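Engineer: got a predicted model here, sequence first, then my questions.
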Amino acid sequence: MSEELKEKANEVKAISIELIKKLKELSGVGLTDAKQALVEAKGDFDKALDAMRKKGLTKAEKRGDRETREGLIETYVHDGRLGAIVEVNCETSFVAKTDEFKDLAHKIAMQIASMNPAYVSINDVPEDIMAKKRKEFEDNFHGPENMKDQIINGQLKKAFSDKVLLEQPYILNEDLTVADFLKEAIAKMGENITVRQFKRLELGVTE
């Protein structure tokens, strides 16, 4: 056996089945793909997860058009002064009853209470508000015309990111947006998951 083959064999042996299973669960890919990613990353779990996340999220996006008619209402209250209630949906009552799904919904409620979004997605921003902001960007645009729509759409997304739940940085991992967090959950649970509506309450504050 050549030195190169020996080295590869040693790398495979050094990767535990527990690590492979952990990567599989987090990324939503199969055991073989998870093992291969760890071998290519020379056992570096974070590097392998970063590589496999793209595959996991791709699978999640394919589930994104499935109807979500089940789910639950979850609440979060902080110190009796601040709270949120949210409706999180999935495809089946079986998943809706799992501790994993309940924990996800609770974390979304925490996000809402903490970050005070106004809308679930960028598509929920009222047309008049969006049109006004778009015109502002168009009036001040100085880039290449063939990139105008793409650039302005990016500017709009960034402009509303603090008010749109799915675009906000996820409070428990700011390397992810809330949308990324949901996609990872979709990949892991194998069902489409959506946030339908929410309400945030703060003691003494009215809309």
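Structural biologist: Arrived safely.
Engineer: what about residue 75, which SS state?
Structural biologist: For residue 75, the secondary structure call by DSSP: H, G, I helix; E, B strand; the rest coil comes out as strand.
Engineer: skipping its backbone neighbours, what lies nearest it in space?
Structural biologist: Nearest residue to residue 75, sequence neighbours excluded (Cβ to Cβ, 6 or more residues apart in numbering): residue 85, at 4.8 Å. Heads up, the C-betas are built off the backbone N, CA and C, glycines and all.
Engineer: which element is residue 186 on?
Structural biologist: helix 178-189 (DSSP states H and E).
Engineer: go on, residue 35?
Structural biologist: helix 31-40.
Engineer: who does that helix touch, helix- and strand-wise?
Structural biologist: Applying 3 or more Cβ pairs under 8 Å, 6 or more residues apart in numbering; DSSP states H and E, one finds that helix 31-40 makes contact with helix 3-14, helix 17-27, helix 45-62.
Engineer: next, the angle from it to helix 17-27.
Structural biologist: Interaxial angle of helix 31-40 relative to helix 17-27 (axes from the mean of the first three to the mean of the last three Cα atoms, to 10 degrees): 110 degrees.
Engineer: with just CA atoms, put stretch 127-139 into CSV.
Structural biologist: Output of stretch 127-139 as CSV, limited to C-alpha atoms (Å, rounded to 0.1, in the frame of the first residue of the first chain):
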residue,chain,number,x,y,z
GLU,A,127,-46.3,47.6,-1.0
ASP,A,128,-46.4,51.3,-0.3
ILE,A,129,-43.5,51.1,2.2
MET,A,130,-41.5,48.9,-0.2
ALA,A,131,-42.2,51.2,-3.2
LYS,A,132,-41.1,54.3,-1.3
LYS,A,133,-37.8,52.7,-0.3
ARG,A,134,-37.2,51.3,-3.8
LYS,A,135,-37.7,54.7,-5.3
GLU,A,136,-35.2,56.1,-2.8
PHE,A,137,-32.6,53.6,-3.9
GLU,A,138,-33.4,54.1,-7.6
ASP,A,139,-33.0,57.9,-7.3
